[in-house]
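Participant: Below are the sequence and a predicted model; questions follow.
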Amino acid sequence: MKAIETIALTKYYGKSRGVADISLSVEEGDFFGFIGPNGAGKSTTIRTLLGLISPTGGNARIFGTDITGNREQILGQIGYMPSEANFYRTMRVKDVIKLSARFRKKDCSAEAGSLCDRLALDTEKRIDQLSLGNRKKVSIVCALQHNPRLCILDEPTSGLDPLMQREFYSILQEHNARGTTIFLSSHVLSEVQRYCRHAAVIREGRLLLSDSIEKLSHTETKRVTLRGIHTPPALDHMKDIRITDDTVRFLYGGKPEILLKTLAPLPLTDITITEPDLEEIFMHYYQEEETSHDTVEA
């Protein structure tokens, strides 16, 4: 079964673009990354899926249930973590967590206690005494303590230190291993590459592509690093050229035999040819989209 399915999902705020024609499919049990820079439309998509805002067009389903008119049924299966965590400022952490559990009509005390311990969260403090990172921890506990069928997490690691980020993803992996579908938005591509199995790329409200991390990471473009020279070789199909001291780095999308033939006579002291990381591929897709858009406008 599909945990999330959208068909031409569209949201406009008056004449301003939110998202347009988002068609996305997330299988139940997946660990899915929703990639895009700030303002790309990630939060708008998520809020529309949750029924917090109404779509302008298209439709979407959560576990086969249409999001329109079935908000309570859908939210009962979801743990949601917004990008900005806001709580009653004078309440103690433990009371916020208990209040969240009461909304679920479940005894979540055991899971909540375990999460608080792992995240080193002081439940006796008031919300207004917490740093941004600790407010994020409260949001994590509220989103996960009821063991939801689907977790929707919007930029979840902003404000967390690196150790807490690692622990947070360990918690998500454990939930995912028990069958929970994880859907998280992020602009931190290294996180998505490390933990997600599938991902979609969104830009300016439109979906650019959606596929497995393995396929997204596999392109004909290679990252080439040359040491011993100060200027790039005379090659076509080079992008993102960087020169530091006696090292030249670039992305190469041409034929390998031409690359090797061109490099053979150069006074190189070292050469490395590797797969580009997801961030470089991400920028490659964005540059292709910009070129395509400019061509259409021309």
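Facilitator: Perfect, thanks for sending it. Quantities reported herein were computed from a predicted structural model and do not represent experimental measurements. Numbers count the residues shown, from 1 in each chain.
Participant: mind checking the SS state of residue 143?
Facilitator: Using DSSP: H, G, I helix; E, B strand; the rest coil, the secondary structure recorded for residue 143 is helix.
Participant: Can you give me the end-to-end span of stretch 241-258?
Facilitator: For stretch 241-258, the first-to-last residue distance is 18 Å (C-alpha to C-alpha, to the nearest Å).
Participant: swap in stretch 21-38?
Facilitator: Using C-alpha to C-alpha, the two ends of stretch 21-38 sit 19 Å apart.
Participant: Give me the distance between it and the centre of its chain.
Facilitator: On the basis of C-alpha atoms, centre = their mean, to the nearest Å, stretch 21-38 is displaced by 8 Å from the centre of the chain it belongs to.
Participant: Please apply the same query to stretch 10-29.
Facilitator: 15 Å.
Participant: Just the residues contacting it, thanks.
Facilitator: 1-9, 32, 41, 44-45, 48, 53-58, 63, 176, 179-181, 183, 198, 200, 202, 204-207, 210 (C-beta atoms under 8 Å, 6 or more residues apart in numbering). Bear in mind the C-beta positions are built from the backbone N, C-alpha and C, glycine included.
Participant: what's the answer for stretch 239-252, then?
Facilitator: Around stretch 239-252, the neighbours that count as contacts under C-beta under 8 Å, 6+ apart are 221-233, 235, 237-238, 253, 259, 269, 276, 280, 283-284, 287.
Participant: In strands, which of the residues you listed appear?
Facilitator: In this view, the contacts of stretch 239-252 that belong to strands under DSSP state E are 222, 223, 224, 225, 226, 227, 238.
Participant: just the residues you listed now: which is nearest residue 76?
Facilitator: Checking those against residue 76 with C-beta to C-beta, the nearest one is residue 223 at 46.0 Å.
Participant: On the pLDDT front, check the closest one for me.
Facilitator: Turning to residue 223, the model gives it a pLDDT of 87.
Participant: of the contacts of stretch 239-252, buried ones?
Facilitator: 221, 222, 223, 224, 226, 229, 233, 238, 259, 276, 280, 284 (16 or more other C-beta atoms under 10 Å).
Participant: Let's have the ones in strands among the contacts of stretch 239-252 in TSV, adding distance to residue 113.
Facilitator: Formatted as TSV, those follow (distance: C-beta to C-beta, whole Å):
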residue	distance to residue 113
222	49
223	46
224	52
225	49
226	55
227	54
238	55
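Participant: any weak-confidence spans in the stretch 51-200 of the chain?
Facilitator: Under the criterion pLDDT under 70, no range of the stretch 51-200 of the chain is flagged.
Participant: Recalculate using a threshold of 90.
Facilitator: The stretch 51-200 of the chain contains residues with pLDDT under 90 at 51-52, 68-76, 83-86, 104-106, 158-159, 186-194.
Participant: Quick one: the helices in it, in order.
Facilitator: Ranges of helices within the stretch 51-200 of the chain are 71-75, 93-104, 109-118, 132-144, 162-177, 189-195, based on DSSP state H, counting those that start in this stretch.
Participant: quick one: the residue lying closest to residue 92 once chain neighbours are set aside and residue 55, what's the gap?
Facilitator: In space, residue 92 comes closest to residue 126 once its chain neighbours are excluded; the distance is 5.6 Å by C-beta to C-beta, 6 or more residues apart in numbering. For residue 126, the distance to residue 55 equals 38 Å [C-beta to C-beta, to the nearest Å].
Participant: Which one's more surrounded, the two?
Facilitator: residue 55 (23 against 15; other C-beta atoms under 10 Å).
Participant: Now do residue 14 against residue 56, distance only.
Facilitator: 10 Å.
Participant: Now do the contacts for residue 259.
Facilitator: Counted by C-beta under 8 Å, 6+ apart, residue 259 has contacts 224, 235, 252.
Participant: of all those, which comes closest to residue 150?
Facilitator: For the contacts of residue 259, the nearest to residue 150 is residue 252 (40.7 Å; C-beta to C-beta).
Participant: Mind listing the residues bridging to the closest one?
Facilitator: Beta-bridge partners recorded for residue 252 (DSSP bridges): residue 222, residue 238.
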